[in-house]
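Asks: Coordinates for the following, if possible.
(one chain, ligands or ions: 1)
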Amino acid sequence: MTDILNYINGGWVAPIGRKFFDNVDPARGEVYSRVPDSDERDVAAAVQAAQVAFPAWSAMPVQQRANLLLKVADLIDRDLELLSRAESQDQGKPVKLARVMDIPRASANLRFFATGIIHFSSEAHATDNEAINYTLRTPVGVVGCISPWNLPLYLFTWKIAPALAAGCTVVAKPSELTPMTAYLFSKLCAEAGLPPGVLNIVHGMGSRAGQAIVENPDIAAISFTGGTVTGKKIAATAAPMFKKLSLELGGKNPNLVFADCDFEMAVKTSVAAAFTNQGEICLCGSRIFVERPLFDRFAAEFVRQTQEMVVGDPMSNQTRLGALVSEGHLEKVLSYIELARQEGGKILTGGKRVKLATHPNGFFVEPTVITGLSHTCRTNQEEIFGPVVTLVPFDSEEDAVEMANSTPYGLAATVWTENLKRAHRVAGQIKSGIVWVNCWLLRDLRTPFGGMKQSGVGREGGWEALRFFTEAKNVCIKLK
Ligand code: TXE
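Replies: Alright, predicted model coming up:
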């Protein structure tokens, strides 16, 4: 059984309190490693190491800093198979998905920001003939990066890559449910020659280690991705300390299918948008609104394709849906299916836990499609974050937009139509940080990423992330 260790000041250490908790393989329901139950003392040690490392790291020539991050990216690619298997075992996702999405994206994050920082520049403003203004951008200092369990290494690196590239030093905490790839990543950082203290990884529970990161007065900024309830708590703790905050929170994303869409593409992509990663992606399209004339045909084909998907051993290449991340999350998802029944929903397919002969204790759920619910019921308002979607008919463009905007969330949306004017019209009216037209999860890392309303505060991606991890200072020079 592996004991995961904290990575502080370039070395691997047990938590000061010597306590560990169990890490469960969700496909087997069995403990397979142990995680440090770190507390504020471990966080304090990590912050101290990060403070000591900050002057040299922030002053290092930018090309040299970039080269180190590029080296880490190369090592991730070298270990693609090992990391993919580790991610799959820890999270429950199909290894095939980790191989083509999670792990390649982790190295892409590092490469993107390592090269981005070289091109990062600031503005100058000539003020008539009076003065010249320029903007200096300096790294904010020691920052905290807290990431969730659905895309573990993918989102961990999405935060630490821009932070490190910008010249910050980092105290990071992966989710306690999926700490393994962050632990393996710490070894790659050391192998690449990242100086001690530049990146520190403290493992542990959100309420203890995570909270200690947010409360630590020497951490200047927090980048967090996770649930909206946790985001609220973090904001309440950090705001009185005037920390910079970037919060990427939940979603309840609408998928609007108009009758004039490319039918084949709309169904196929909507199925992927619903169930990729067991529906455990904040960008998954979980509320599918279909224009009434197309509704029955769409529903029939959607259900047919859903039933074709194999729920199975995450290590098998045939598997489309693996296990949910934890027993607690499995119960949450099943309770929402029960709620949908109580609210009068009709289950068109799925709805039950799956007991695999080879994995009788795994946390598997059938991909579930529900219809007959109003867009205002709890099932259609609250984030389920599992393989559960609803189909709802609509009669007009106005109705579709109103229903799409009717939740407290505003992360992402998809619109299916071949009508160019409608595509632009609807995209303009939807209240969300991203609108995909005739596609889903087509990501360009330069674009601003984040949510409106309760889906978050701030944007990451591209220059936005580098701006977040730097402070802008205006220097004004009088010319006369
Ligand atoms: O996530 P948490 P949970 C949604 C999804 C899910 C729900 C709850 O609906 O069912 O959130 O998931 C750390 N101070 N998303 O509770 O707690 C925690 O240790 C500082 C959407 O498992 O938000 C972990 O590292 N940190 C989401 C991270 O926060 C704290 C992805 C996220 O965990 C903390 C995940 C605290 N007080 C869940 N409490 C998305 N947007 O993609 C917890 N943490």
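
Asks: In terms of helix, strand or coil, where does the spatially most central residue of the chain fall?
Replies: By Cα atoms, centre = their mean, the mean C-alpha position of the chain lies nearest to L155, the distance being 4.9 Å. Of the three states, L155 takes helix under DSSP: H, G, I helix; E, B strand; the rest coil.

Asks: what residues are up against the closest residue to it other than its chain neighbours?
Replies: Counting by Cβ to Cβ, 6 or more residues apart in numbering, S147 is the residue found nearest to L155 once chain neighbours are left out, at 4.5 Å. Quick note: C-beta positions are derived from backbone N, CA and C, even for glycine. Residues counted as contacts of S147 (Cβ atoms under 8 Å, 6 or more residues apart in numbering) are L155, F156, W158, K159, A172, K173, P174, S175, A182, F224, T225, G226.

Asks: I'd like the residues you listed laid out as TSV, including distance to E338, pLDDT and secondary structure.
Replies: Output for the contacts of S147, formatted as TSV (distance: Cβ to Cβ, whole Å; pLDDT from 0 to 100; DSSP: H, G, I helix; E, B strand; the rest coil):
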residue	distance to E338	pLDDT	secondary structure
L155	30	98	helix
F156	33	98	helix
W158	34	98	helix
K159	35	98	helix
A172	37	99	strand
K173	33	98	strand
P174	31	99	coil
S175	26	98	coil
A182	34	99	helix
F224	30	98	strand
T225	28	98	strand
G226	25	98	coil
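
Asks: Show me which of those residues is closest to V24.
Replies: Nearest to V24 among those, counting by Cβ to Cβ, is S175 at 12.7 Å.

Asks: residue contacts, the closest one?
Replies: Going by Cβ under 8 Å, 6+ apart, S175 touches S147, P148, W149, P152, G206, G226.

Asks: Tell me the spacing between the residue nearest to L155 and M452.
Replies: 21 Å (Cβ to Cβ, to the nearest Å).

Asks: now do I213
Replies: Separation of I213 from M452 (Cβ to Cβ): 26 Å.

Asks: And these two? Which one has more around it.
Replies: Counted by other Cβ atoms under 10 Å, I213 and M452 do not tie: I213 has more neighbours, with 27 against 16.

Asks: What sits closest to that one if chain neighbours are left out?
Replies: Residue nearest to I213 in three dimensions, not counting chain neighbours: G144, with 4.2 Å by Cβ to Cβ, 6+ apart.

Asks: Regarding that neighbour, what is its secondary structure?
Replies: Counting by three-state DSSP, the backbone at G144 sits in strand.

Asks: So what sits opposite it in the bridge?
Replies: Residues in a beta bridge with G144, per DSSP bridges, are V171, I222.

Asks: Provide the count of other residues in contact range of it.
Replies: For G144, the neighbour count with other Cβ under 10 Å is 30.

Asks: Next up, the contacts around the closest residue in space to N277 that isn't next to it in sequence.
Replies: In space, and not counting its chain neighbours, N277 is closest to K93: 5.5 Å by Cβ to Cβ, 6+ apart. By Cβ under 8 Å, 6+ apart, K93 lies in contact with E87, D102, N277, Q278, E280, P314, G322.

Asks: at 7 Å instead, please
Replies: K93 makes contacts with E87, N277, Q278, P314, G322, as judged by Cβ atoms under 7 Å, 6 or more residues apart in numbering.

Asks: need the contact list for the residue of the stretch 1-150 of the chain found nearest the ligand.
Replies: Minimum separation of the stretch 1-150 of the chain from the ligand (Cβ to the nearest ligand atom) falls at P148, amounting to 3.4 Å. By Cβ under 7 Å, 6+ apart, the contact list for P148 reads L155, S175, T225, G226.
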